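Trainee: Kindly generate the corresponding structure for this input.
(chains A and B)
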Amino acid sequence: FQDQAEQFLRSGHTNNWAVLVCTSRFWFNYRHVANTLSVYRSVKRLGIPDSHIVLMLADDMACNPRNPKPATVFSHKNMELNVYGDDVEVDYRSYEVTVENFLRVLTGRIPPSTPRSKRLLSDDRSNILIYMTGHGGNGFLKFQDSEEITNVELADAFEQMWQKRRYNELLFIIDTCQGASMYERFYSPNIMALASSQVGEDSLSHQPDLGIGVHLMDRYTFYVLEFLEEIHPASQTNMNDLFQVCPKSLCVSTPGHRTDLFQRDPQNVLITDFFGSVRKVEITTEALSLDRDVAGSESKFPEEELATEPLKYAEQLPVAQIIHQKPKQKDWHPPGGFILGLWALIIMVFFKTYGIKHMKHVF
Amino acid sequence: AAPVQVQLVVPMAVVFSPGSMPGDLPRPLPFRDLEEMEISVNLRTSVTSRYEMLYRSTTGQEEAALAAATAREADAALHPLQDTPLGSLTMYVVPETSSLLPQGIDVYVGKHRSALVRAGGSLAALQAQLREVAQVMSFTATSIAAVLSDRVPNGHLSPDARRYLKSSLGYEITFSLLNPDPKSHTVDWDIEGAVNRFVKPVLDKLSLVANFSVDSQILYYAVLGVTPRYDKESSSFLLSAHSLPHVINPVEARLGSSAASLYPVLNFLLYVPERSHTPLYIQDKDGAPVSTNAFHSPRWGGIMVYNVEAPASPQASFPVHVDVDMARVMEVFLAQLRLLFGLSREEVPPEFLLESPGNEGLADWELDHLLWAHTVENIATVSTTLTSLAQLLDKIGNIVIKDDVASEVYRAVAAVQSAVTELSLGHLHAAFQASKEAVTSSERAFFDPSLLHLLYFPDDQKFAIYIPLFLPMAVPILLSLAKIVRETRQRKKEATKMD
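Mentor: Residues are numbered from 1 along each chain as shown, chains lettered A, B, ... in the order given. Below you'll find the model as predicted:
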């Protein structure tokens, strides 16, 4: 009976997914990439495989020409911890990180040519962790310094996910300025949200490293990473402990969380329910009994005996031509019809109103 | 969730052999009867099951078949005489004193779609027994509710009830051999032969349900995530039950999956422990070693530990050649495959005797079980998908529906209606095919890339962008236009006045 009661408190998920998004580009936003990579590292360490992680990084810091230590991304000053490692698998990189692609990943409305690694193939028994970081404001999050996603769009995307039962439970963590505004509009069930700062507050960065020259991490994610380093796949730490991470004294901003849409009590939710991948396991008690003397059917695939020529590649990149080419003349296009029409209207009205006599001053 | 009203009709034939008829038959044989039961899931979803029974007596040939010595022979002899399409059942009632059924067994369920039931007393008692048999062989309230689990109010179903593989158009099966210690063991497994001999018959039987693709791989230096502990008493290494969930993770990263297909993947891993950790046994919750030495994880696959005997002579040269006994391995893997699909024989009452399905892996009625569950699941999925799509279109008024999306929606609606009709007529095969078509079309329509809500701006956003641009510019223009109109009118008036 105790077992039954335990079962109801446990989550009913069978697999875990993580969608980790860094939305800022440019070298001085190093800390956002470091944030995302730290969460990626923790999540991989606790068991979620790369095939179940969608990592979106808007810029390349490790191989950035301004990086004094190439192929590394550090999260602690004095370069203690390199979160880039040698097995980072970035699924959406650089200019592929757009609001449209992000929403396509979440809702699943993705072009059929997209490879498996770029898809979120979750089902109704998946627990998904969504982590977003970057520059944000009251109700929006900036992508690539050129577009933004609003909290309404995000809430609608989650609702589309719920309608198609693309998640069992969802944990949404956001580390931006005024982050709490991003989860205000959620209305789908089974979502728990954490943010690094309330509306009207800024999330601050942690420490600069004088050798690299930029701030390495944001405070909230830094303390979350410290918290996660203590978690191992078998730990029983629950969400209430995660809510306590980074109090105002350390973080300067006030982290917030939202659990009203979540069905279970946060006390019963294990950290590894979202950050790890602890699978439910059953002992196989019985085996079939097969007749061993059975002859197999012929293999369906005959041996292919095609003679293949050695492959040759046509010269695809005439580098010499490209380097010595002059810059292409940009064709001049006449102004569009709408602009012309608008100006014609303005000019005509001006002269009709104030009299044709002004025309001679113009010509 | 969208309302779903489905009637599941199971045609049943109840055949009385001589001497087995109960005394209180209402009418002389043959006659028809039906029994309806409601499986209500929630307020808007109701599934009714209807067993349409035809009571008749045996024909001469059937009597001859029932004169066999054992139930199995009788079942084999009866099979060619039956005309049972998918989804229907035949029950033969044998006299109480018949020797076909062993002592203490009241029901024998065969490999196909028939059962032998021992007569006993009144018609009502027999009907209760028949109802139980029919439920075992087709579907139960729990199995249907498990499939409609997202409609069940919370708390009524335990989280573990929804763990069987979801209905999908295809599944990918991957067999992996893990050899963490190639220096000590050279492991040879004839996986191609094993797949041809043992796995193909089962997959051929399941081919009605979905497309299966099989691949295999060998991974070297792949260790389990947990260090087993040494047990002095049995001088073996043990993996306890609560450490099993952590075994899979480090391996999973190396398993890989086909880049091209989006079907769910079922992984079956065969682990040959290192020489330093041999023999390795899995313990269950009570501490007893598991006979199969294997465990499985819902919706993922299974792992089996294959112990290699230590070489007889201590001077044996390493690596030792190991030839894997594929039959033993496949017995476990196929049993796990059945469990992953939800085909378990555990909840069967004790007085039932179930015939083993042999190399086919599953009996015909177990295939029916899957088809009933998947058909209902498909119909529920389609109705939810189409309703949700309709809601999306309501919300975003100016969304553009391409022609092919529209035609997929029409096709999905027609297919799901046909599926419901076929179910109410008792044609399980046609209903399943229609439901599969419905799911394909509705998923294609719902996940069409053009329906991203981001691409369609609500009208108020359009106003918000264009008004601040054009309103200030338009003010002098409109005022000037007004002035022009006034002047023209005045001039016209003056002109008429002059004249």
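Trainee: Just the closest residue of the stretch 51-200 of chain A to chain B, please.
Mentor: Across the stretch 51-200 of chain A, no residue is closer to chain B than A:Gln163, which sits at 3.8 Å (CB to the nearest CB). For the C-beta atoms, the positions are set from N, CA and C on the backbone; glycine is no exception.
Trainee: Could you do the stretch 1-150 of chain A as well?
Mentor: Closest point on the stretch 1-150 of chain A to chain B, by CB to the nearest CB, is A:Gly12, at 2.8 Å.
Trainee: from memory that residue sits against A:Arg125, does it?
Mentor: Yes: the pair A:Gly12 / A:Arg125 is scored as a contact, 6.5 Å apart, by CB atoms under 8 Å.
Trainee: host element of A:Met132?
Mentor: strand A:126-133 (DSSP states H and E).
Trainee: can I assume B:Leu452 is in contact with A:Phe102?
Mentor: No: B:Leu452 is beyond contact range of A:Phe102, at 10.8 Å (criterion: CB under 8 Å).
Trainee: so after the helix or strand encompassing B:Thr384, what's the next helix or strand?
Mentor: Here B:Thr384, judged by DSSP H and E, is contained in helix B:364-395. Counting by DSSP H and E, the next helix or strand C-terminal to helix B:364-395 is helix B:403-425.
Trainee: Which elements pack onto that next one?
Mentor: In terms of contacts (3 or more CB pairs under 8 Å, 6 or more residues apart in numbering or on different chains; DSSP states H and E), helix B:403-425 is packed against strand B:4-16, helix B:364-395, helix B:428-446.
Trainee: before we move on, the earlier item: mind checking which of B:Leu452 and A:Phe102 has more residues around it?
Mentor: A:Phe102 (26 against 17; other CB atoms under 10 Å in any protein chain shown).
Trainee: What residue, apart from its backbone neighbours, is nearest that one spatially?
Mentor: A:Val21 (6.2 Å; CB to CB, 6 or more residues apart in numbering or on different chains).
Trainee: Wasn't that neighbour part of a strand?
Mentor: Yes: under DSSP: H, G, I helix; E, B strand; the rest coil, A:Val21 sits within a strand.
Trainee: what angle separates the host helix or strand of A:Val224 from strand A:126-133?
Mentor: When elements are assigned from DSSP H and E, A:Val224 belongs to helix A:219-229. Interaxial angle of helix A:219-229 relative to strand A:126-133 (axes from the mean of the first three to the mean of the last three CA atoms, to 10 degrees): 140 degrees.
Trainee: Can you give me the buried ones in the next helix or strand after helix A:219-229?
Mentor: Downstream of helix A:219-229, the next assigned helix or strand under DSSP H and E is helix A:239-243. Buried residues in helix A:239-243, counted by 16 or more other CB atoms under 10 Å in any protein chain shown: A:Met239, A:Leu242.
Trainee: same for helix A:239-243, what does it pack against?
Mentor: Using 3+ CB pairs under 8 Å, 6+ apart, helix A:239-243 is in contact with strand A:191-195, helix A:219-229.
Trainee: Please list the residues outside the last one that contact it.
Mentor: Read that as helix A:219-229. A:35, A:38-39, A:42, A:46, A:75, A:133, A:173, A:175, A:196-197, A:203-206, A:217, A:241-242, A:245-246, A:250-253, A:255, A:271, A:275 (CB atoms under 8 Å, 6 or more residues apart in numbering or on different chains).
Trainee: contacting residues around residue 277?
Mentor: Assuming you mean chain A. A:Ser277 touches A:Asn15, A:Asn16, A:Leu46, A:Gly47, A:Ile48, A:Pro49, A:His52, B:Asn249, B:Glu252, counting by CB under 8 Å, 6+ apart.
Trainee: oops, chain B please
Mentor: B:His277 makes contact with B:Pro228, B:Phe237 under the criterion CB under 8 Å, 6+ apart.
Trainee: Relative to B:Leu86, how far out is the closest residue to B:Ser435 other than its chain neighbours?
Mentor: Excluding the flanking residues, the one nearest B:Ser435 by CB to CB, 6+ apart is B:Asn378, at 3.6 Å. Distance, B:Asn378 to B:Leu86, using CB to CB, to the nearest Å: 15 Å.
Trainee: ok so, going back, okay, the helices and strands packed on helix A:239-243, which one's buried deepest?
Mentor: strand A:191-195 (a mean of 25; mean count of other CB atoms under 10 Å in any protein chain shown).
Trainee: which residues touch the nearest residue to B:Asn249 once chain neighbours are set aside?
Mentor: Leaving out its chain neighbours, the residue that sits closest to B:Asn249 by CB to CB, 6+ apart is A:Gly47, at 3.7 Å. Applying CB under 8 Å, 6+ apart to A:Gly47 gives the contacts A:Asn16, A:Pro233, A:Thr272, A:Gly276, A:Ser277, A:Val278, B:His246, B:Asn249, B:Pro250, B:Glu252.
Trainee: same check, this time on A:Arg165
Mentor: With contact taken as CB under 8 Å, 6+ apart, A:Arg165 is in contact with A:Asp123, A:Asp124, B:Asp150, B:Thr384.
Trainee: how near is the first one to A:Lys44?
Mentor: Right, the one you point to is A:Asp123. 21 Å.
Trainee: Have a look at these two and say which one is more surrounded.
Mentor: A:Lys44 (23 against 19).
Trainee: Just the element for the residue nearest to B:Gly110 when sequence neighbours are not counted, please.
Mentor: Spatially, and ignoring its direct neighbours in sequence, B:Gly110 is nearest to B:Asp75 (3.6 Å; CB to CB, 6+ apart). Secondary structure assignment for B:Asp75, by DSSP H and E: helix B:71-78.
Trainee: Mind jotting down where the helices sit in the chain?
Mentor: Picking chain A for this. A:2-9, A:30-45, A:99-107, A:151-163, A:219-229, A:239-243, A:248-251, A:272-275, A:319-323, A:337-354, A:359-362 (DSSP state H).
Trainee: you looked at the wrong chain, it should be chain B
Mentor: B:60-66, B:71-78, B:123-137, B:141-147, B:191-194, B:200-206, B:248-255, B:326-341, B:364-395, B:403-425, B:428-446, B:459-498.
Trainee: Fine by me, we can end here.
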